[in-house]
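**Q** 3D, please:
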Amino acid sequence: MATDLTILQLGPKGDGICEGLSGPIFVDRAIPGDKVNIRLQIDSRGIERGEITELVESSPYRVAAPCPHYESCGNCTLQHVSEQYYRDWKVEVVKDALSKQRLQPEEWKEPIFIGEKKRRRATFAAFKQRDKVVMGYYRRRSKQIADVKSCLVGDPRLLSLRNAVQNYIGLVLRAYTPTDVFLQVVGDSADMLITGPIGRTGVPDSQVVQYLEPLLEISSLCRIAWRESEEAPIKIIASSEPVTATFGPLKVNLPPDAFLQPTVNGERALVACVLAALPEKGKFADLFSGCGTFSGPMLARGPVDCFESSQEAVSALGKAARGRPLRAVRRDLFRNPLRREEANTYDAIVFDPPRAGSPEQAMALKSAKVPVIVGVSCNPATFARDARILCGGGYRLKSIQIVDQFHWSHHVEIVGVFVR
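**A** Okay, the predicted model is just below:
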């Protein structure tokens, strides 16, 4: 137990930080200005963490969390801070990440904040104990699952789908075996992917299909898929029609587990930021293209070459692009980055790697002569690292646009424009 500790700052993952006898202590759901008593723990990595046992004095930035599940659910981390403090902090997280790499953009664009009730995709944890099914999110740093029937972050259609699924999923869950249920609303349709053992044998059989197929009739679900683990191949259990997303002129039949931006509004904002940075006409490359979030809208400016490691995404994008000047290429850009001489054939390149970033691709591009590179990322630290590589090769960081579509979390999206 530690007493009368004052929280000095908010860390990049939303933890309050105070000074302990042996270094910093990271305190869940504490903010600068709070004075707290905590229960001290040391995690598996030797980091000191604190759980508030008493809020002795509240920070002036503290507000009452609006969600009734906030104390039990581990999904949102920052509902307890005022809206202005939250927005200022999101900007500071990005500025701090760039500053650590000695980077300063020539222009900071006005941040875009998407707000609540917009998330269209989520992975729910489901657990069956006897005849009761709990379906929601894990509590913070815990294996316990909070049953969440309502959510201030989620699109109401997503929550409606979650509640319909809970009534059926218990028929196929194995007791005392945690299972992930990914749900995604796409336009007027929806998709479900179950990860983990189900049914009598652990894999979908005719009884599993019989139990789950009615969901296609009574909900917006168009497809139900399954996989044994995150690394295992995906099997479609039942479907009524393709799950289709629209990207510019492209209508793409999404494969199961296809990546989409978490909100429609966020996707529109990111696409607008990318297009604003591109020349009006030219030839373009879209690296880590996925199913075409940026590639489709970019077709209005000229031919697009898409590079993506997922064969399913490449196939879906190629089929949607028939008759249009779009080339979809399967390529692992971590092991085989786009080379300098290839990059030099384009008028602009869009670069949207996973959260870990791609220093390999940044290294290959830093000496290229392509006039414009647009970097998109949901991780300020890895974005800044890759940006440092590009700037070390002679690019200038012209502008930064923050798009916050991960409301009440520590995640934030960035669009950076690099020019020669």
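
**Q** spatially central residue in this protein, please.
**A** In the chain, the centroid-proximal residue (C-alpha atoms, centre = their mean) is residue 262; its distance is 6.2 Å.

**Q** from memory that one sits against residue 406, does it?
**A** Yes - look at residue 262 against residue 406 with C-beta atoms under 8 Å: they come within range, at 6.8 Å. The way it works is simple: take the backbone N, C-alpha and C, and place the C-beta from them, glycine included.

**Q** hmm, back to that, do you know how far the residue nearest to the centre of the chain is from residue 345?
**A** Applying C-beta to C-beta, to the nearest Å, the value for residue 262 to residue 345 is 33 Å.

**Q** phi, psi for the closest residue to residue 355 other than its chain neighbours please.
**A** Nearest non-adjacent residue to residue 355, counting by C-beta to C-beta, 6 or more residues apart in numbering: residue 379, 4.5 Å away. Backbone geometry at residue 379, expressed as degrees, to the nearest 10, gives phi -140, psi 100.

**Q** could you pull out the helices for this protein?
**A** Using DSSP state H, the helices of the chain run over 83-100, 156-169, 206-212, 215-218, 264-277, 295-298, 311-320, 340-343, 359-365, 380-392.

**Q** can you pull the contacts of the residue nearest to the centre of the chain?
**A** 118-121, 405-406 (C-beta atoms under 8 Å, 6 or more residues apart in numbering).

**Q** next one: residue 275
**A** Neighbouring residues of residue 275 by C-beta under 8 Å, 6+ apart: 297-298, 300-301.

**Q** per-residue confidence for it?
**A** The per-residue pLDDT reported for residue 275 equals 98.

**Q** could you do residue 195 as well?
**A** pLDDT recorded at residue 195 is 98.

**Q** now it: closest residue in space that isn't a chain neighbour?
**A** residue 180 (4.2 Å).

**Q** burial count for the one you found?
**A** A count of nearby residues for residue 180, using other C-beta atoms under 10 Å, gives 15.

**Q** ok, the one 3 residues further on next?
**A** Burial measure for residue 183: 24 neighbouring residues, criterion other C-beta under 10 Å.

**Q** okay, and the beta partners of it?
**A** Counting by DSSP bridges, residue 183 is bridged to residue 122, residue 192.

**Q** between the contacts of residue 275, which is nearest residue 354?
**A** The closest of these to residue 354 turns out to be residue 298 (C-beta to C-beta; 20.0 Å).

**Q** isn't that closest one right up against residue 248?
**A** Yes - if you go by C-beta under 8 Å, residue 298 and residue 248 touch, sitting 7.3 Å apart.

**Q** can you pick out the residue with more neighbours from those two?
**A** Each of residue 298 and residue 248 has its neighbours counted (other C-beta under 10 Å); residue 298 has more, 27 against 19.

**Q** mind listing what that one touches?
**A** Contacts of residue 298 (C-beta under 8 Å, 6+ apart): 248, 274-275, 278, 284, 286, 304, 350.

**Q** can you rerun that using 7 Å?
**A** Residues near residue 298 by C-beta atoms under 7 Å, 6 or more residues apart in numbering: 278, 284, 286, 304.

**Q** also residue 242?
**A** residue 253.

**Q** can you give me phi and psi for it?
**A** With angles defined as degrees, to the nearest 10, residue 242 sits at phi -60, psi 150.

**Q** and the residue lying closest to residue 366 once chain neighbours are set aside, how far is that from residue 367?
**A** Nearest residue to residue 366, sequence neighbours excluded (C-beta to C-beta, 6+ apart): residue 393, at 2.6 Å. Distance, residue 393 to residue 367, by C-beta to C-beta: 5 Å.

**Q** check residue 34 too.
**A** 48 Å.

**Q** so those two - more neighbours on which side?
**A** Counted by other C-beta under 10 Å, residue 34 and residue 367 do not tie: residue 34 has more neighbours, with 24 against 14.

**Q** run a quick neighbour tally on the closest residue in space to residue 72 that isn't next to it in sequence.
**A** Distances taken as C-beta to C-beta, 6+ apart place residue 146 nearest to residue 72, at 4.1 Å, with adjacent residues excluded. Neighbour count for residue 146, taken as other C-beta under 10 Å: 20.

**Q** so residue 146 touches residue 70, yeah?
**A** No - look at residue 146 against residue 70 with C-beta atoms under 7 Å: they stay out of range, at 9.8 Å.

**Q** just the CA trace of the least confident helix or strand in the chain by mean pLDDT, in PDB.
**A** Least confident helix or strand of the chain, by mean pLDDT, DSSP states H and E, is strand 2-6 with a mean of 87. The C-alpha coordinates for strand 2-6 follow below in PDB (Å, rounded to 0.1, in the frame of the first residue of the first chain):
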ATOM      1  CA  ALA A   2       1.300   3.500  -0.900                       C
ATOM      2  CA  THR A   3      -0.400   6.600   0.400                       C
ATOM      3  CA  ASP A   4      -0.800  10.300  -0.500                       C
ATOM      4  CA  LEU A   5       0.800  10.000  -4.000                       C
ATOM      5  CA  THR A   6       0.300  12.800  -6.400                       C
END
